[in-house]
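Chemist: I need the structure of the sequence given here:
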Amino acid sequence: MASVSEEAARWLAGLAWEDIPGEVVESVKLQILDLIGVMLAARSDRLVLDVRAGLLENDAGRGASVLGHAGETSLANAAMVNGVMAAVFEFDDTHVESSIHATSASASVAIPACQQMNASGQQLITAVLAGNELSSRLGIVTSARLYNLGIHPTGVFGVFAAAYALAKARALPAQTIVNAIGICGSMSAALMGSWEDGTAAKSLHVGLAASDAVKAVTLAEHGVTGPAGVFDGRYNWYRAHVQDPTARLRFNALTDGLGSTWETLNIASKAYPSAFPIHPYIDAAFHLQAEHRLAIADIEQIDCYVTAARIATLCEPLSEKLRPLTAWHARVSLQHSVAEALVTGRSDKNAYAPEHLNNPVINALAARVKYVVDPQEAADKSRSGGRVSMHLRDGRVISHTVEHMRGTRRNPLQREDFIAKFRSNTGDVLSPALITQTIAALLDLDRLDNVAPLFARLASPASAR
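Modeler: Predicted coordinates:
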């Protein structure tokens with residue numbers, strides 16, 4: 001009997017462009033547009049520059065390019081730096097049910113690989129789709145909330161996403177894909193330690209996964225084998241990682257409906273650069289502030305109704321959430337994120353600056369943001385809404401509920417929203433003309449014969465302001 005890894009590999013090896021519905025193609029094109037904007041926004045971030053310098057010092061390599069940077073490096077290095085750019089601002093999309101930032105890992109390796117190969121836009125789309133679809137499915141095999149087990153889902157599943165993407169870009173046969181994914185099982189790791197102190201390791205997870213995937217795929221291409229039962233064998237990944245005796249495992253979630261039911265369509269692009277479950281609370285708070293024309297001084301207390309499963313990662317411990325130590329630490333704080341958004345009136349790529357973390361007005365308001373266990377909590381992990389109640393100093397209590405987070409399938413961002421986000425993220429990185437050209441090319445990506453000139457233009461020093 002074939003393992004689910006073997007079934008998935010056969011499907012992937014046989015996946016043709018004609019098999020992909022137009023709705024899915026459009027979704028992946030927008031995901032790529034979105035992520036490229038996010039990556040370019042972070043190209044000059046201190047962590048990105050430090051990672052790039054460290055990699056080049058150790059082993060520069062050649063033949064591949066980091067998005068938005070001139071010069072050559074190895075494909076593994078390019079995937080690593082791309083992954084850090086994708087993740088560092090917490091602005092990359094998320095598969096809601098699994099909490100996996102799927103496109104980050106898939107595109108971090110697919111973009112430089114397809115550029116290196118002079119591949120077509122259709123090849124790039126199919127590669128990213130491969131990683132997104134299969135990694136999202138891997139994330140819903142288990143009912144466990146991996147965050148609460150100390151595991152970062154994007155980090156552990158990202159290596160599989162990137163390997164599937166690279167394997168499809170290189171049109172590898174099924175057995176080679178099985179071996180590559182089996183090898184990835186020995187590379188899959190990502191601890192939650194950075195949630196405690198805001199250190200940079202979490203922002204490396206996507207890059208580490210993408211870089212390791214290059215090694216795994218290359219080893220498999222050279223005949224190195226990996227276990228076909230990596231997901232459902234006797235010593236499988238889930239048995240090793242999911243230390244929760246109550247968790248249910250549904251291995252066929254990886255393969256059921258492949259090619260007819262698309263999890264890719266359940267990937268949500270972000271409106272704000274923070275953990276996605278925080279977004280509906282920011283939107284609800286903005287709504288109340290605008291509707292009632294509130295000054296910060298008018299607000300006595302803000303109650304956010306949160307599902308119990310998310311409290312440990314977004315709301316507690318209070319000492320960490322009320323006074324986050326770093327920008328990334330703040331991006332996973334419900335209290336700080338809501339307070340900063342209300343005080344500054346925005347939440348974009350410039351959010352979570354040091355001056356915001358130390359702003360006494362923001363800090364004082366964050367202390368008045370309380371969480372309340374949501375009485376409507378359900379087992380449905382695809383739920384993405386939130387309710388906010390504000391207690392005002394004049395005695396009124398006002399409330400607003402966001403049923404579904406913006407960017408989700410039930411409340412989707414429109415094409416013009418993606419374009420606006422891309423312009424916002426790249427406005428101080430690319431020239432106005434190049435922004436317009438890049439948007440047009442990415443929206444027409446399926447008609448592009450060779451993606452290399454597109455990405456070469458983005459790497460040119462002349463592209464920067």
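
Chemist: Gly71 - that's part of a strand, no?
Modeler: No - assessed by DSSP: H, G, I helix; E, B strand; the rest coil, Gly71 does not belong to a strand; its assignment is coil.

Chemist: am I right that it is in contact with Ser65?
Modeler: Yes - Gly71 lies in contact with Ser65 (Cβ atoms under 8 Å); the separation is 7.3 Å. Where you see a C-beta, it was placed from the backbone N, CA and C, and this is true even at glycine.

Chemist: overlap in contacts, those two.
Modeler: By Cβ atoms under 8 Å, 6 or more residues apart in numbering, Gly71 and Ser65 have these common neighbours: Ala459.

Chemist: pLDDT below threshold where in the stretch 351-465 of the chain?
Modeler: Scanning the stretch 351-465 of the chain with the threshold set as pLDDT under 70 gives 376-383, 460-465.

Chemist: which residues of it fall in helices?
Modeler: With DSSP state H, counting those that start in this stretch as the criterion, the stretch 351-465 of the chain has helices at 354-357, 360-366, 415-426, 432-443, 452-459.

Chemist: next, format the ones you listed as JSON lines and append mean neighbour count and distance to Val96.
Modeler: As requested, these are exported to JSON lines (neighbours: other Cβ atoms under 10 Å; distance: least, Cβ to Cβ, whole Å):
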{"stretch": "helix 354-357", "mean neighbour count": "14", "distance to Val96": "27"}
{"stretch": "helix 360-366", "mean neighbour count": "18", "distance to Val96": "26"}
{"stretch": "helix 415-426", "mean neighbour count": "18", "distance to Val96": "17"}
{"stretch": "helix 432-443", "mean neighbour count": "16", "distance to Val96": "24"}
{"stretch": "helix 452-459", "mean neighbour count": "18", "distance to Val96": "29"}
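
Chemist: tell me the mean pLDDT over whichever strand or helix holds Ala330?
Modeler: Per DSSP states H and E: Ala330 is located in helix 327-331. Averaged over helix 327-331, pLDDT sits at 97.

Chemist: what's the first helix or strand after the helix or strand of the chain with the lowest mean pLDDT?
Modeler: Across the helices and strands of the chain, mean pLDDT, DSSP states H and E gives its lowest value to helix 308-314, namely a mean of 92. Where DSSP H and E defines the elements, the next helix or strand beyond helix 308-314 is helix 318-322.

Chemist: what helices and strands are in contact with that following helix?
Modeler: helix 194-197, helix 334-344, helix 360-366 (3 or more Cβ pairs under 8 Å, 6 or more residues apart in numbering; DSSP states H and E).

Chemist: using CSV, write out every CA atom in the longest one.
Modeler: Output in CSV follows, covering the C-alpha atoms of helix 334-344 (Å, rounded to 0.1, in the frame of the first residue of the first chain):
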residue,chain,number,x,y,z
LEU,A,334,-2.6,41.6,21.0
GLN,A,335,-2.4,44.3,23.6
HIS,A,336,0.4,46.3,22.1
SER,A,337,-0.9,45.8,18.5
VAL,A,338,-4.3,47.2,19.2
ALA,A,339,-3.0,50.1,21.3
GLU,A,340,-0.4,51.1,18.7
ALA,A,341,-2.9,50.9,15.9
LEU,A,342,-5.3,53.2,17.7
VAL,A,343,-2.7,55.7,18.8
THR,A,344,-0.9,56.0,15.5
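
Chemist: and that helix, how far out from the chain middle?
Modeler: Here helix 334-344 is found 21 Å from its chain centre; the criterion is Cα atoms, centre = their mean, to the nearest Å.

Chemist: now the first one
Modeler: Its chain's C-alpha centre lies 18 Å from the corresponding centre of helix 194-197 when counted by Cα atoms, centre = their mean.

Chemist: for that helix, buried residues please.
Modeler: Ser194, Trp195 (16 or more other Cβ atoms under 10 Å).

Chemist: show me what the helix or strand just after it is packed against.
Modeler: As assigned by DSSP H and E, the chain's next helix or strand after helix 194-197 is helix 201-221. With contacts taken as 3+ Cβ pairs under 8 Å, 6+ apart, helix 201-221 sits against helix 46-59, helix 75-87, helix 102-117, helix 153-169, helix 174-184, helix 194-197.

Chemist: can you put the helices and strands packed on helix 318-322 in CSV and add distance to Ala456?
Modeler: CSV is the format used below for those (distance: least, Cβ to Cβ, whole Å):
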stretch, distance to Ala456
helix 194-197, 34
helix 334-344, 37
helix 360-366, 42
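
Chemist: ok, which of the ones you listed comes nearest Arg137?
Modeler: Distance to Arg137, taken as Cβ to Cβ, is lowest for helix 194-197 among the helices and strands packed on helix 318-322, at 25.5 Å.

Chemist: re earlier: so what touches the helix holding Ala330?
Modeler: With Cβ under 8 Å, 6+ apart as the contact definition, helix 327-331 has outside contacts at 88-90, 194-195, 197-198, 200, 202-203, 273-275, 320, 324, 336-337, 340, 352-354, 356-357.

Chemist: residue closest to the middle of the protein?
Modeler: Centroid-nearest residue in the chain: His101, 2.6 Å away (criterion: Cα atoms, centre = their mean).

Chemist: any regions of the protein where pLDDT drops low?
Modeler: Residues of the chain meeting the criterion pLDDT under 70: 376-383, 460-465.

Chemist: and it, what are its domains?
Modeler: Annotated domains of the chain cover 4-268, 276-402 [automatic domain parsing].

Chemist: still on that earlier bit, JSON lines for the helices of the stretch 351-465 of the chain, including distance to Val402?
Modeler: Converted to JSON lines, the helices of the stretch 351-465 of the chain look like this (distance: least, Cβ to Cβ, whole Å):
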{"stretch": "helix 354-357", "distance to Val402": "23"}
{"stretch": "helix 360-366", "distance to Val402": "20"}
{"stretch": "helix 415-426", "distance to Val402": "16"}
{"stretch": "helix 432-443", "distance to Val402": "28"}
{"stretch": "helix 452-459", "distance to Val402": "35"}
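
Chemist: excluding sequence neighbours, find me the nearest residue to the residue nearest to the centre of the chain.
Modeler: Using Cβ to Cβ, 6 or more residues apart in numbering and skipping residues adjacent in sequence, the residue nearest His101 is Thr154, 4.4 Å away.

Chemist: much appreciated, bye for now.
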